[in-house]
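**Q** what's the 3D shape of this:
(chains A and B)
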Amino acid sequence: AQSVTQLDSQVPVFEEAPVELRCNYSSSVSVYLFWYVQYPNQGLQLLLKYLSGSTLVKGINGFEAEFNKSQTSFHLRKPSVHISDTAEYFCAVSDLPSNTGKLIFGQGTTLQVKP
Amino acid sequence: SQTIHQWPATLVQPVGSPLSLECTVEGTSNPNLYWYRQAAGRGLQLLFYSVGIGQISSEVPQNLSASRPQDRQFILSSKKLLLSDSGFYLCAWSVRGRETQYFGPGTRLLVL
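**A** Below is the predicted model of the structure:
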């Protein structure tokens, strides 16, 4: 069965500092990988996704993630964070091919950007 | 462009009362539809998904049910709410056979 582990429940960081949010997954088949962001009291917004090809994926708001198959990881990074990046971040995995398109989510990481 | 709506945005209900949350999608046809619950301080739990009208798959046994009476309408219901049903309910859609899900704004449910 697939699973996703987000290794940090909370990540405090100062504004303009770099940040890395860690995500590991387990799956016996090829997968698609996603990062979503959730601002307070809102739905989830897609940050980026890995489907195939280049292992370095660039997303919105200056975020990027690197797929590492040997380490089964998909860590999210940003070189310089802003106060507005304060939010909950979710890593997710989807098996393929699948008509259902189901996603398995990690427990989330709260990014707290301090001035 | 496609949009997804959920209502109500917030709801406070007494224990034992019924529930009906609605989700509708515009600008697409034959979407896959999903209901998730997000309890306080926890991740997202997939409750139901649907690949077509009248086709509902339940992921976890619970006090809730789902229905899809129309192609782009997905309803989450309960006959008698429990305290443990409190949470943030998210509806999502995807193009059938495609990998990306798009989420609605959510409904915050508080059962007292």
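
**Q** How about the residues of chain B by chain A?
**A** When proximity is defined as Cβ under 8 Å from any Cβ of the partner chain, chain B approaches chain A at B:32, B:34, B:42-44, B:46, B:49, B:51, B:57, B:90, B:92, B:94, B:96-106, B:108. In short, each C-beta sits where N, CA and C put it, glycine included.

**Q** Close to chain B: what parts of chain A are there?
**A** For chain A, the contact set with chain B under Cβ under 8 Å from any Cβ comprises A:32, A:34, A:36, A:41-46, A:49, A:51, A:90, A:94, A:96-97, A:99-108.

**Q** what ranges do the strands span in chain A?
**A** Secondary structure of chain A (DSSP state E): strands at A:3-6, A:10-14, A:19-21, A:23-26, A:31-38, A:44-50, A:56-58, A:64-68, A:73-78, A:87-95, A:104-105, A:109-114.

**Q** which residues of chain A score low on pLDDT?
**A** For chain A, the stretches with pLDDT under 70 are A:96-99.

**Q** Try it again at 50.
**A** Scanning chain A for pLDDT under 50 picks out no residues.

**Q** so where does the closest residue in space to residue B:23 that isn't next to it in sequence fall, helix or strand?
**A** Of all residues beyond its chain neighbours, the one nearest residue B:23 is residue B:91 (3.4 Å), with distances taken as Cβ to Cβ, 6 or more residues apart in numbering or on different chains. In this assignment (DSSP states H and E), residue B:91 forms part of strand B:87-95.

**Q** what's that strand packed up against?
**A** Judged by 3 or more Cβ pairs under 8 Å, 6 or more residues apart in numbering or on different chains; DSSP states H and E, strand B:87-95 is in contact with strand B:3-7, strand B:19-26, strand B:31-38, strand B:73-78, strand B:102-103, strand B:107-111.

**Q** how near is the residue positioned nearest the centre of chain B to residue B:60?
**A** The centre of chain B sits closest to residue B:35, judged by Cα atoms, centre = their mean, with a distance of 3.2 Å. From residue B:35 over to residue B:60 the distance is 11 Å, taken as Cβ to Cβ, to the nearest Å.

**Q** what do these two both touch?
**A** Shared contacts of residue B:35 and residue B:60 (Cβ atoms under 8 Å, 6 or more residues apart in numbering or on different chains): B:46, B:47.

**Q** So residue B:95 sits against residue B:27, correct?
**A** No: contact between residue B:95 and residue B:27 fails when scored by Cβ atoms under 8 Å: they sit 11.2 Å apart.

**Q** So for those two, which residue has more residues nearby?
**A** Shown here are residue B:95 and residue B:27; by other Cβ atoms under 10 Å in any protein chain shown, residue B:95 has more neighbours (16 against 10).
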